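**Student:** Any chance you could fold what I've pasted below:
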Amino acid sequence: MFAIASLLISSYGCCLLNLPTIAPAIAPLTLPPPEEVPEEVLRTEMITDVRSPLTGEPMSAADYAEFEAQQQENPHPELSLPSQARHIIFLLQLRQALRSILPF
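**Tutor:** All right, here's what the predicted structure looks like:
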């Protein structure tokens with residue numbers, strides 16, 4: 001029991017003795033360099049480099065605005081398919097639904 005108590009006291013004593021030598025090792029907080037842009041400014045920047053939602057290629061802001069205008073004119077391009085293609089797609093979807101219900 002005495003050995004455990006003396007071990008605890010000696011370990012705390014070592015910590016207390018080494019405390020002044022550890023304190024100067026902590027670096028003081030400094031301001032960032034003046035050439036670094038603050039995060040608040042970066043959050044308010046407008047992003048002008050965009051990528052195409054279809055292909056992922058870089059687009060200019062004008063091209064993206066044109067793409068958005070086309071999407072607003074025709075928001076569902078799949079409805080502009082020929083009627084025969086739409087009919088085939090409908091039959092395939094019907095077949096898939098029936099196969100999930102019927103076992104054969």
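**Student:** tell me which element L42 falls in.
**Tutor:** Here L42, judged by DSSP states H and E, is contained in helix 39-44.
**Student:** Buried residues, that helix. List them.
**Tutor:** When burial is assessed from 16 or more other C-beta atoms under 10 Å, helix 39-44 yields no buried residues. Bear in mind the C-beta positions are built from the backbone N, C-alpha and C, glycine included.
**Student:** which neighbours does the helix or strand following that helix have in its sheet, and in what orientation?
**Tutor:** Next helix or strand after helix 39-44 toward the C-terminus (DSSP H and E): strand 50-51. If you go by DSSP bridges, strand 50-51 pairs up with strand 58-59 (antiparallel).
**Student:** which is the next helix or strand following the partner strand?
**Tutor:** helix 61-73.
**Student:** residue ranges with poor pLDDT in this protein?
**Tutor:** 1-27, 75, 77-80, 104 (pLDDT under 70).
**Student:** go with 80
**Tutor:** 1-28, 45-49, 54, 74-81, 103-104 (pLDDT under 80).
**Student:** picking up where we left off before, can I get the helix holding L42 in PDB, CA atoms only?
**Tutor:** In PDB, the C-alpha atoms belonging to helix 39-44 read as follows (Å, rounded to 0.1, in the frame of the first residue of the first chain):
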ATOM      1  CA  GLU A  39     -12.900  32.400 -44.600                       C
ATOM      2  CA  GLU A  40     -15.800  34.900 -44.400                       C
ATOM      3  CA  VAL A  41     -14.800  36.400 -47.700                       C
ATOM      4  CA  LEU A  42     -14.400  33.000 -49.300                       C
ATOM      5  CA  ARG A  43     -18.000  32.000 -48.200                       C
ATOM      6  CA  THR A  44     -19.500  35.000 -50.000                       C
END
